[in-house]
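>>> using only what follows, build the 3D model:
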Amino acid sequence: MYSEIIISVKDNTDEVFEKQVKMLQERHHAKVLRMALDEASGYIEKCSSDILFISDDADMLSKARTAGLATNDPKVMRESYMKAMDMLKTMGMSHCPGNT
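Take a look at the predicted model:
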């Protein structure tokens with residue numbers, strides 16, 4: 001379980017990303033904090049280890065991993081989401097009456 005989800009991204013987020021964050025927030029009952037890269041850099045040095053750090057900056061992700069935090073990249077999150085949606089569509093099609 002994560003107590004906080006820290007988001008520090010350079011690029012704009014999209015609807016898919018925001019849905020994923022909302023799901024994570026609800027699943028973990030976590031606070032979501034959005035920070036600029038420089039603010040996040042100082043924060044991850046002194047935060048607890050039960051935090052999920054999401055960033056599109058490779059150096060920041062590496063720094064967070066070194067600090068013992070769970071990390072994720074918005075691009076990787078999007079790819080996983082799209083694969084899951086494709087898999088659900090495929091499963092739904094194979095279970096429809098008349099499909100063999």
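>>> now do the longest helix belonging to the chain: distance to the chain's middle.
For the chain, the helix with the greatest residue count under DSSP state H is helix 74-94. Chain-centre distance of helix 74-94: 15 Å, with CA atoms, centre = their mean, to the nearest Å.
>>> contacts for it?
Under the criterion CB atoms under 8 Å, 6 or more residues apart in numbering, residues Val9, Asp11, Thr13, Asp14, Val16, Phe17, Gln20, Ile54, Ser55, Asp56, Asn99 lie in contact with helix 74-94. The C-beta positions use only the backbone N, C-alpha and C, and glycine is treated the same way.
>>> mind checking which of those are in strands?
Ile54, Ser55 (DSSP state E).
>>> using PDB, write out every CA atom in the longest helix of the chain.
The C-alpha coordinates for helix 74-94 follow below in PDB (Å, rounded to 0.1, in the frame of the first residue of the first chain):
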ATOM      1  CA  PRO A  74       3.600   7.600 -17.500                       C
ATOM      2  CA  LYS A  75       4.600   6.100 -20.800                       C
ATOM      3  CA  VAL A  76       5.000   2.600 -19.400                       C
ATOM      4  CA  MET A  77       1.700   3.000 -17.500                       C
ATOM      5  CA  ARG A  78      -0.100   4.000 -20.800                       C
ATOM      6  CA  GLU A  79       1.400   1.000 -22.600                       C
ATOM      7  CA  SER A  80       0.200  -1.400 -19.900                       C
ATOM      8  CA  TYR A  81      -3.200   0.200 -19.900                       C
ATOM      9  CA  MET A  82      -3.500  -0.100 -23.700                       C
ATOM     10  CA  LYS A  83      -2.400  -3.800 -23.600                       C
ATOM     11  CA  ALA A  84      -5.000  -4.500 -20.900                       C
ATOM     12  CA  MET A  85      -7.700  -2.900 -22.900                       C
ATOM     13  CA  ASP A  86      -6.800  -4.800 -26.000                       C
ATOM     14  CA  MET A  87      -6.800  -8.000 -24.000                       C
ATOM     15  CA  LEU A  88     -10.200  -7.200 -22.500                       C
ATOM     16  CA  LYS A  89     -11.600  -6.500 -26.000                       C
ATOM     17  CA  THR A  90     -10.200  -9.800 -27.300                       C
ATOM     18  CA  MET A  91     -11.700 -11.700 -24.400                       C
ATOM     19  CA  GLY A  92     -15.000 -10.000 -24.900                       C
ATOM     20  CA  MET A  93     -15.100 -10.900 -28.500                       C
ATOM     21  CA  SER A  94     -14.200 -14.500 -27.900                       C
END
